[in-house]
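Participant: After the sequence you'll find the predicted model.
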Amino acid sequence: MDCLFCKIIAGDIPSAKVYEDDKVYAFRDINPMAPVHVLIVPKCHLASADEVSADNSAYVARIFEVIPEIAKAEGLANGYRVITNCGEHGCQSVKHLHFHLLGGKQLSEEMD
């Protein structure tokens, strides 16, 4: 499989790891859009939110269990934003489900 995030999870491509367990891998975005910008991905390959099902939803549930832990470790006491993009019109650039954890400053209310 030629998936960038699968290669990062496997350790074939270096990353600045923030968190890892048996279902989740989190690392710093190389083009941060906020002072804290962490990408959180399931260790199983899912192309996008469109592929979440009863068979694999435990990976997504685990991501949302660890988001508060990562946010706390990153000092995001005043809040943060979690975003996932899905498909071409959603501007998904890597075809592996991932969530952006953004914070560390007052974020814009605009989402364009």
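Facilitator: Yep, it's here. Everything numeric here is computed off the predicted structure, so don't read it as measured data.
Participant: is it true that V82 touches F99?
Facilitator: Yes. In this structure, V82 is within contact of F99 by Cβ atoms under 8 Å, at 5.5 Å. Just so you know, the C-beta spots here come from the backbone N, C-alpha and C atoms, and that holds for glycine as well.
Participant: shared neighbours, those two?
Facilitator: Residues touching both V82 and F99 (Cβ atoms under 8 Å, 6 or more residues apart in numbering) are I67.
Participant: between these two, which one's more packed in?
Facilitator: Set V82 next to F99 and count neighbours by other Cβ atoms under 10 Å: F99 wins out with 20 against 15.
Participant: and the more buried one, what is it in contact with?
Facilitator: Residues in contact with F99 (Cβ under 8 Å, 6+ apart) are 39-41, 63, 67, 82-84.
Participant: what are the ranges of the helices in this protein?
Facilitator: Secondary structure of the chain (DSSP state H): helices located at 4-10, 57-73.
Participant: Let me have these in a markdown table, extended by mean neighbour count.
Facilitator: Shown next, in a markdown table, are the helices of the chain (neighbours: other Cβ atoms under 10 Å):
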| stretch | mean neighbour count |
| --- | --- |
| helix 4-10 | 17 |
| helix 57-73 | 15 |
